[in-house]
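> Take a look and give me a structure for this.
(2 chains)
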Amino acid sequence: MIKKDLSVEFLGVRFENPFCLSSSPVGNCYEMCKKAYDTGFGGVVFKTIGPKSYFIDEVSPRFDKLDKETTPFVGFKNMEQIAEHPLEENLADIRRLKAEYPGKVLIASIMGNDEQTWEELARLAEEAGADMLELNFSCPQMTSHAMGSDVGSNPDLCRKYCAAVKRGSKLPVLAKMTPNITDMVPVAIASLEGGADGIAAINTIKSVCNVDLAREIGMPIVDGKSSISGYSGKAVKPVALRFIQQMRADPRLKDLAISGIGGIETWEDAAEFILLGATTLQMTTSVMQYGYRVVEDMKNGLMHFMEEKGVDRLQDLVGRATANIIPAEELNRDYIVYPEIDSDACVGCGRCYISCYDGAHQAMKWDDALRRPACDHEKCVGCHLCALVCPVGAISKGEIKIKPGRSTKAENVRV
Amino acid sequence: MKERYTTELEPGFTPVTIAGETARCLLCHDAPCSKACPAGTDPAKFIRSVRFRNFKGAAETIRENNILGAVCARVCPQEKYCQQGCSRSGIDRPIEIGLIQRYVTDLEAAFGMKVLEKAGPNGKKAAVIGGGPGGLAVAAELLKKGWAVELFEKDAKLGGYLRYGVPEYRLPTGVLDLEIQRILDLGLVAHTGVKVGKDVALDDLKAKFDAVVLAIGLAAGKWLAMFEGNPAVETAVSFLRRAKEAGGDIDIPANVLVVGGGDVSMDVCTTLKLLGAKNVTAVVYEELCEFKASRKELAGARAAVVSLHDGYVPTAVDGNKVTFRHRKIDAELTYTAEKIILAIGQEVDAGGLGLAFERNQIGDGTLKAGEKLYVVGDVSADPEKTVVGAVAGAKRAAALIDEELGGK
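Take a look at the predicted model:
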């Protein structure tokens, strides 16, 4: 059995592995966090604790899912707000978890509704023994506009509340950002200016997941109505990676400490977040669907990935792909790479032909008798839609053509 | 035991598994399945509809193209037609097209859909002789073209071999009844219990109608001379009919010998086993590599634990004892069974029609058998001796009749 060191150092705190529960229904009490630790999570972000004055009153039901063919939970919608247990009970749970699991990381997620409550909650969380604070600037389903994602889209509020938290506590601080914003960089910078040490991204995306066609109501139905609320799961992974990339690629946020969140379900998802600059990882949807045990294959799979990559420290992989995502205007536009069709692997379905005709450049020819495609280089623009729709992976990258008058040498192109 | 006979043997898809199966379909550009269906049921089109969750659209495609869509879904040897060229075979195994068709037609029934509508009359009248698949299909096709159609069926109910031959576990009577009702709803006038050639003269029909279609099928079980008059012997046609009419409630002997190896023989074997026969042995003329039974039928019989001996011909009979010799090797088998069932084929029963059949067929291969007389189904020269073949022939015959005699 492979044994690799998955430990990471993040904002001065050592994590035995980078996998954490994100602040959500999966880390709502002592018993849940205990089981997550026992199953192998390196840390938990305890479900957001709020001010005493904010009354939590949840709806029933409160979740929905998006399916595709027979795949459930392509995306997941959640209407829960922050922790519904009394503040004292949450603090007691945090205290007990830290006492019993001193080697595991406990991050307290907090959400105030003014500077005073932010400061107070930070102080209480530190007193309870939390290793780190995460500021929830991003929950999209709060019933108060002074809280949640309305804060995370306002740089001034982010700066102000981070500063308030820093007054209340000396712990390292993560600001958890909302993707319901065009550009995350200004709010991230504002949070750092206020005193945050790193960024957690992303929280959920505002969504209407499904509409019940018979009843003509969004889902889930709460007494004949529904609401917009946060969307998560595999479907949001590309959005999360995009925000992380944009932040890490900004010169002002180079080396930004990131806790990556958004649709992590496999070690491969985890590795993608790490390669784009996340040092720790958080997950909820995969846990809600499959349980804490998802961490087992993430840890083991990541160890094998490290072995394949020849690295002994997970940290060495952090951000290695960031530089390979560049502005579109800087990409090499000197060449076309044509698809190469493996006729033996081809099963003759003609999907490449249909997609090339209807979605690309009518370059794929179809032999009705042989039931095999052939690419017409005169028309092909090298978009490789054909390869993406091929159900058997029979289309790869073949001959490279340099556009007239361009300086790139075909042999230097890394397709 | 009866329940096993009256319950569909092959489990159908569920809302979950149908989604998985249609997601397996590669949605081919020039789908081989649609090219291979003789009746033009267009599986590629209805599978794509299901894949995109348009179940009602899928039902329309099937019903418009194949008037016996729910029957074909169950009795068609798909591996010889639509599933044969399935591109998915290049990855793992063909799409289960028959089961998808069954799911969709079941939904059509559950939704109470009425896809086909009565056509405006064209003033022409046709008589159809025989209420089996060919007769029903040609009647429906003519009705859709505006013909007034009267059908003459010798049995008490419509359906022919589908009603009296195909076992309940393969084709529930309720499914057939609904298919027939859809045709009656198009305006078919059915005269049951009327045998043309005995109760009505063919010439009278020819005089009264603009066109007459012969769809009498191969209603009689074949005999071999050596078995004639033997009280232990029954034809498959007779046995299957007894079982079906009684809903499986018939006496089943412990040990049965079945002679023959086509789909009908497999139906007999499986029916016997499902109804409690201890030992069922089929002795078959063809060797396994040249077997006539469809893969599904053969698999069904095997799953029911039927013993098979391939490559043998019967050479002698002594009461319940039959001796067989192998066609190619020096081997002999002797079987003593309580009952012997002959499943060696069917033949035409055309008494009183005054028509000359040659090798159970009539006509010159063009679906015509004389002035105003057309032919479909098993007695036509059409080589596809299946339900789907009959539907295909019926569509072609109706088009020809309408072209030659239609009131346009």
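> wait, isn't residue B:70 in contact with residue B:105?
Yes - Residue B:70 is within contact range of residue B:105, at 3.7 Å (criterion: C-beta atoms under 8 Å). Every C-beta, even on glycine, is put in place using the N, C-alpha and C of the backbone.
> The closest residue to residue B:321 other than its chain neighbours: how many residues sit nearby?
Of all residues not flanking residue B:321 in the chain, residue B:336 sits nearest, at 4.6 Å (C-beta to C-beta, 6 or more residues apart in numbering or on different chains). Residue B:336 has 13 neighbours, counted by other C-beta atoms under 10 Å in any protein chain shown.
> before we move on, what about residue A:67?
With other C-beta under 10 Å as criterion, residue A:67 counts 12.
> next structured bit after the helix or strand it falls within?
Using DSSP states H and E, residue A:67 sits in strand A:63-68. Following strand A:63-68 in sequence order, the next helix or strand is strand A:71-78 (DSSP H and E).
> Next, the buried residues of that next one.
Neighbour-count burial for strand A:71-78, counted by 16 or more other C-beta atoms under 10 Å in any protein chain shown, picks out A:73, A:75, A:76, A:77, A:78.
> Now for residue B:70 and residue B:105: what residues contact both?
Here residue B:70 and residue B:105 share the contacting residues residue B:175, scored by C-beta atoms under 8 Å, 6 or more residues apart in numbering or on different chains.
> now the strand holding residue A:67, how far from the chain's geometric center?
Centre-to-centre, strand A:63-68 and its host chain are 18 Å apart (C-alpha atoms, centre = their mean, to the nearest Å).
> Check stretch B:196-210 too.
The answer for stretch B:196-210 is 26 Å, by C-alpha atoms, centre = their mean.
> picking that back up, and the residue nearest to residue B:321, its phi and psi?
Torsion angles at residue B:336 (phi, psi; degrees, to the nearest 10) stand at phi -120, psi 120.
> That one contacts residue B:318, correct?
No - contact criterion C-beta under 8 Å: residue B:336 and residue B:318 do not qualify, at 9.1 Å.
> secondary structure element for the closest residue to residue A:155 other than its chain neighbours?
Closest residue to residue A:155 apart from its sequence neighbours, by C-beta to C-beta, 6+ apart: residue A:190 at 3.6 Å. Using DSSP H and E, residue A:190 sits in helix A:185-194.
> Can you report how many residues neighbour residue B:180?
Residues near residue B:180, counting by other C-beta under 10 Å: 22.
> How about it, nearest residue that isn't a chain neighbour?
Nearest-residue entry for residue B:180: residue B:158, 5.1 Å, with adjacent residues in sequence omitted and distances by C-beta to C-beta, 6+ apart.
> how far away is the one you found from residue B:290?
Using C-beta to C-beta, to the nearest Å, one gets 35 Å for the distance from residue B:158 to residue B:290.
> These two: who's more crowded?
When neighbours are counted by other C-beta under 10 Å, residue B:158 comes out ahead of the other of residue B:158 and residue B:290, with 25 against 11.
> any idea of the pLDDT on that one?
At residue B:158, the model reports a pLDDT of 98.
> cool, residue A:206 as well?
96.
> pretty sure it is touching residue A:142, no?
No - Residue A:206 is beyond contact range of residue A:142, at 11.7 Å (criterion: C-beta under 8 Å).
> what's the burial count for the closest residue to residue B:278 other than its chain neighbours?
Leaving aside its sequence neighbours, residue B:278 sits nearest to residue B:254 (C-beta to C-beta, 6+ apart; 4.4 Å). Burial measure for residue B:254: 12 neighbouring residues, criterion other C-beta under 10 Å.
> Show me where chain A has its helices.
Applying DSSP state H to chain A gives helices spanning A:30-39, A:87-100, A:115-128, A:149-152, A:155-168, A:185-194, A:237-249, A:267-275, A:285-290, A:294-309, A:351-359, A:385-389.
> Make CSV out of those and add mean pLDDT and mean neighbour count.
As requested, the helices of chain A are exported to CSV (pLDDT from 0 to 100; neighbours: other C-beta atoms under 10 Å in any protein chain shown):
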stretch, mean pLDDT, mean neighbour count
helix A:30-39, 98, 18
helix A:87-100, 97, 17
helix A:115-128, 97, 20
helix A:149-152, 91, 25
helix A:155-168, 97, 21
helix A:185-194, 98, 21
helix A:237-249, 98, 20
helix A:267-275, 98, 22
helix A:285-290, 97, 20
helix A:294-309, 97, 18
helix A:351-359, 98, 19
helix A:385-389, 98, 18
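> which bits of the stretch 51-200 of chain B sit near chain A?
B:51, B:87, B:88, B:89, B:90, B:91 (C-beta under 8 Å from any C-beta of the partner chain).
> ok, the second one - contacts?
What it means is residue B:87. By C-beta under 8 Å, 6+ apart, the residues touching residue B:87 are A:347, A:348, A:349, A:371, B:26, B:28, B:31, B:32.
> Tell me the one of the residues you listed nearest residue A:8?
Of all those, residue A:8 sits closest to residue B:26, with 43.5 Å by C-beta to C-beta.
> what's the overlap in contacts for residue A:206 and residue A:142?
Shared contacts of residue A:206 and residue A:142, defined by C-beta under 8 Å, 6+ apart, comprise residue A:149.
> Report the secondary structure state of the residue nearest to residue B:180.
On the three-state scheme (DSSP: H, G, I helix; E, B strand; the rest coil), residue B:158 is labelled coil.
> Test my guess that it contacts residue B:191.
No - contact criterion C-beta under 8 Å: residue B:158 and residue B:191 do not qualify, at 10.2 Å.
> what do the two both touch?
residue B:151.
> so residue A:6 sits right up against residue A:314, yeah?
Yes - look at residue A:6 against residue A:314 with C-beta under 8 Å: they come within range, at 5.3 Å.
> Pull up the overlap in contacts between these two.
Looking at what touches both residue A:6 and residue A:314 (by C-beta under 8 Å, 6+ apart), the common residues are A:18, A:302.
> mind checking how far residue A:153 is from residue A:179?
Residue A:153 is 10 Å from residue A:179, by C-beta to C-beta.
> Which residue of these two possesses the greater neighbour count?
More crowded of residue A:153 and residue A:179, by other C-beta under 10 Å: residue A:179, with 25 against 19.
> residues contacting the nearest residue to the more buried one once chain neighbours are set aside?
Spatial nearest neighbour of residue A:179, chain neighbours left out: residue A:202 (4.1 Å); criterion: C-beta to C-beta, 6+ apart. Contacts here follow C-beta under 8 Å, 6+ apart; on that basis residue A:202 touches A:138, A:177, A:178, A:179, A:236, A:239, A:240, A:243, A:261, A:262.
> Report the buried residues of the helix ranked longest in chain B.
Longest helix of chain B, by residue count under DSSP H: helix B:387-405. Within helix B:387-405, the residues that qualify as buried are B:387-398, B:400-402, B:405, counting by 16+ other C-beta under 10 Å.
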